[in-house]
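Q: Below: sequence and its predicted model.
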Amino acid sequence: MHVLLIITFMVIIGALIGGITNVIAIRMLFHPFKPYYIFKFRIPFTPGLIPKRRDEIAQKIGQVIEDHLITEDMIRYKLNQSQSKETILDKFYLSYKRKPVTHVLPQQLIQIADNNIDKVTEFLCERARIYLNSAKGTHDIYEMLDTFFQEKGKIIGLLQMFMTKESIAERIQYELIRLTEHPKARSIINKVIHNEYETLKYKQLGELIGDD
């Protein structure tokens, strides 16, 4: 009986020691979260093992997930599936179809567009000048003039008694180029662009895309 009590007591003591040791070990693994110092000397085991190496552990966990669980190729494959694309687009469209474009696009993008809208007029006029001065522009003007002459018949024939078709085409080309440089023409173009831009910004997304 005496031996049995000793064995039981030793088991209880061993269990208590093991439990306390485990609690201390677990505590030392996760705590403390930051190092503590006495004067300039760091107290041993501060921070705990896991807080001390949390960046390395997080990197390793992320690497395991990327390499074995959710790989880049898997994500790309899923996103490129037609069903996934349709689901994403449908949810986005249904959420924003009744909102104006200015509320759908990022405000930074809207701000960039607002700041550069005045440059559109210069860009269009410059492109128009380049086109009108090119061989293709000259050819297209001549072709349009030729078609116009054929449609108007005898009345236009009278005009050709005083000017050749080539000289008329050259005159039209010159006036069109001059028009792209005229301040009043630029002002009209700029006003039209601004009006269209402001209208576009406040149109609902559904009006631009439609439900088809």
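A: Sure, I can see it. All values derive from a computational prediction rather than experimental measurement.

Q: Pull out the buried positions in the helix or strand encompassing Gln150.
A: In this assignment (DSSP states H and E), Gln150 forms part of helix 135-152. Buried residues in helix 135-152, counting neighbours by 16 or more other Cβ atoms under 10 Å, are found at 137-138, 141-142, 145, 149. (C-beta placed from N, C-alpha, C; glycine too.)

Q: What segments of this protein are strands?
A: Applying DSSP state E to the chain gives strands spanning 37-38, 41-42.

Q: Export the ones you listed to CSV and append columns for distance to Ile130 and mean neighbour count.
A: Below are these laid out as CSV (distance: least, Cβ to Cβ, whole Å; neighbours: other Cβ atoms under 10 Å):
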stretch, distance to Ile130, mean neighbour count
strand 37-38, 72, 8
strand 41-42, 71, 9
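
Q: In a markdown table, list the ones you listed along with distance to Glu170.
A: A markdown table is the format used below for these (distance: least, Cβ to Cβ, whole Å):
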| stretch | distance to Glu170 |
| --- | --- |
| strand 37-38 | 89 |
| strand 41-42 | 88 |
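
Q: okay, those strands in TSV with mean pLDDT and distance to Val120 next?
A: What follows is those, written out as TSV (pLDDT from 0 to 100; distance: least, Cβ to Cβ, whole Å):
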stretch	mean pLDDT	distance to Val120
strand 37-38	74	63
strand 41-42	72	63
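
Q: what's the closest of the ones you listed to His194?
A: Ranking the strands of the chain by their distance to His194 (criterion: Cβ to Cβ) puts strand 37-38 first, at 64.8 Å.

Q: Walk me through which strands that closest one pairs with, and which way each runs.
A: strand 41-42 (antiparallel) (DSSP bridges).

Q: hmm, who's touching the strand it pairs with?
A: By Cβ atoms under 8 Å, 6 or more residues apart in numbering, the residues outside strand 41-42 that reach it are 35-36.

Q: Ok, stretch 91-103 next?
A: Against stretch 91-103 from outside (Cβ under 8 Å, 6+ apart): 104, 110, 200-206, 208-209, 211.

Q: Those residues in helices, which ones?
A: Per DSSP state H, helices hold the following members of the contacts of stretch 91-103: 104, 110, 200-201, 205-206, 208-209.

Q: Please report which of those residues has the highest neighbour count.
A: Leu205 (19 neighbours; other Cβ atoms under 10 Å).

Q: With only the CA atoms kept, save the helix holding Gln150 in CSV.
A: Presented in CSV, the C-alpha positions along helix 135-152 are these (Å, rounded to 0.1, in the frame of the first residue of the first chain):
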residue,chain,number,x,y,z
ALA,A,135,-0.1,62.3,-99.9
LYS,A,136,-3.0,60.3,-98.7
GLY,A,137,-4.8,63.4,-97.6
THR,A,138,-4.3,65.0,-101.0
HIS,A,139,-5.5,61.9,-102.7
ASP,A,140,-8.6,61.6,-100.5
ILE,A,141,-9.6,65.2,-101.1
TYR,A,142,-9.2,64.8,-104.9
GLU,A,143,-11.3,61.6,-104.8
MET,A,144,-14.0,63.2,-102.7
LEU,A,145,-14.0,66.2,-105.1
ASP,A,146,-14.2,63.9,-108.1
THR,A,147,-17.2,62.1,-106.6
PHE,A,148,-18.9,65.4,-105.8
PHE,A,149,-18.4,66.6,-109.4
GLN,A,150,-19.9,63.4,-110.8
GLU,A,151,-23.0,63.8,-108.6
LYS,A,152,-23.6,67.5,-109.3
